[in-house]
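Asks: build the 3D model from these lines:
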Amino acid sequence: MSSNNDKGSSPSAPRASRPSDSAAGGMPDLQKSHDDRNIAIDKVGVKDIRYPIVVMDKSKEHQQTVARINMYVDLPHHFKGTHMSRFVEILNQHHGHISIEGIDTILRDMKERLEASCAHLELEFPYFIEKQAPVSGARSLMEYQCRMTGSLGEEDDFVLGVTVPVTSLCPCSREISDRGAHNQRSAVTVEIRYRQHVWLEDLIEWVEGCGSAPVYALLKREDERALTEQAYDNPMFVEDVVRAVTERLLKQPEVIWFRVACENFESIHNHSAYAMVERPRRG
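Replies: Model prediction:
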């Protein structure tokens, strides 16, 4: 019987060289090997990294929070893949300094380290604002889900977004009912591009004033009564909400583009009501 060595599988037998063997330590770099399918990839990278970031706080200068981060670059058609570990390495290099002001630097590092012509960074994170109940004055922290998305290609692009809960009371229900009217919590999502800095606190305040009533984390009985009556006196369809937010944003000269969407989580229907307005760049 022939041995394995007789079949040419000896450990000392020479191995065919590969173009990608020039990586550090002589280990093959398959990501840089050639791909002959001639298909470029628009976005490739990593998603859903949980990572600490610092956000500017209007009253306390800075607020620390934890973001879910997505990082992508484009990939030329002739490369087989990108180096996924480099995305995390870049985050670690910016640890403690990841903020709105630092997004451009991170995007430039992504382009350089990954040899890309376009880079994209998406962050979603909770942001907390202390709110005071309207009658009792009880203080509590209210959470808002915020987003920052940045892209760097031939031009820079940055979008700031936030989802703000409000109360909406149905005008039709109030009109046809003898006792009360149905209301629900609504989620108003606003995304903006701007020419000058916009505080998250200001953006949230603009939106909260456009519902039937605002939402709080902590309310006493006297606060509940006041907000219930405020909503009843200010009924709004989902269409009314997005129009009111649109009017408010159009008055802000620093905002050059926006998209506003509202979803009403209907209390007497098995569906949501939805409306959206988008305005093109200006200025």
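
Asks: okay, now the domains of the protein?
Replies: Structural domains annotated on the chain: 32-123, 133-283, as defined by automatic domain parsing.

Asks: adding mean neighbour count and mean pLDDT, write those out as CSV.
Replies: All C-beta spots, glycine's among them, are computed from the backbone N, C-alpha and C. Below are the domains of the chain laid out as CSV (neighbours: other CB atoms under 10 Å; pLDDT from 0 to 100):
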stretch, mean neighbour count, mean pLDDT
domain 32-123, 16, 88
domain 133-283, 17, 95
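
Asks: which other helices and strands does the lengthiest strand in the chain contact?
Replies: For the chain, the strand with the greatest residue count under DSSP state E is strand 41-57. Where contact means 3 or more CB pairs under 8 Å, 6 or more residues apart in numbering; DSSP states H and E, strand 41-57 is packed against strand 61-75, helix 84-93, strand 119-132, helix 200-208.

Asks: contacts for the first one next, please.
Replies: This points to strand 61-75. Strand 61-75 is contacted by residues 40-57, 81-82, 87, 90-91, 98, 110-111, 114, 116-128 when judged by CB atoms under 8 Å, 6 or more residues apart in numbering.

Asks: send me that strand as CSV with only the CA atoms.
Replies: C-alpha atoms of strand 61-75 as CSV (Å, rounded to 0.1, in the frame of the first residue of the first chain):
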residue,chain,number,x,y,z
GLU,A,61,-22.1,70.7,27.8
HIS,A,62,-21.8,66.9,27.2
GLN,A,63,-23.9,63.8,27.7
GLN,A,64,-22.5,60.3,27.6
THR,A,65,-24.6,57.6,26.0
VAL,A,66,-24.3,54.3,24.1
ALA,A,67,-24.9,54.1,20.4
ARG,A,68,-25.7,51.4,17.9
ILE,A,69,-23.2,52.1,15.0
ASN,A,70,-23.2,51.1,11.4
MET,A,71,-20.0,51.7,9.3
TYR,A,72,-19.7,51.1,5.5
VAL,A,73,-17.5,51.9,2.6
ASP,A,74,-17.8,51.3,-1.1
LEU,A,75,-15.8,48.4,-2.7
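
Asks: that one pairs with which strands, and in what direction?
Replies: Sheet pairing of strand 61-75 (DSSP bridges) gives strand 41-57 (antiparallel), strand 119-132 (antiparallel).

Asks: show me where the stretch 101-250 of the chain has its strands.
Replies: 119-132, 139-152, 156-169, 183-194, 213-214 (DSSP state E, counting those that start in this stretch).

Asks: who is the most centrally placed residue in the chain paired with across the strands?
Replies: In the chain, the centroid-proximal residue (CA atoms, centre = their mean) is Arg147; its distance is 2.8 Å. Beta bridges link Arg147 to Glu124, Gly161, judged by DSSP bridges.

Asks: touching, it and Leu123? I think so.
Replies: Yes: using CB atoms under 8 Å, Arg147 is in contact with Leu123, at 6.7 Å.

Asks: ok, Asp156 - contacts?
Replies: Asp156 makes contacts with 104, 150, as judged by CB under 8 Å, 6+ apart.

Asks: same question, Leu218
Replies: 133, 138-140.

Asks: Met84 now?
Replies: Contacts of Met84 (CB under 8 Å, 6+ apart): 45-46.

Asks: next: Asp42.
Replies: Listed by CB under 8 Å, 6+ apart, the contact set of Asp42 reads Asp74.

Asks: kindly report the same for Gly180.
Replies: Counting by CB under 8 Å, 6+ apart, Gly180 touches 174, 232.
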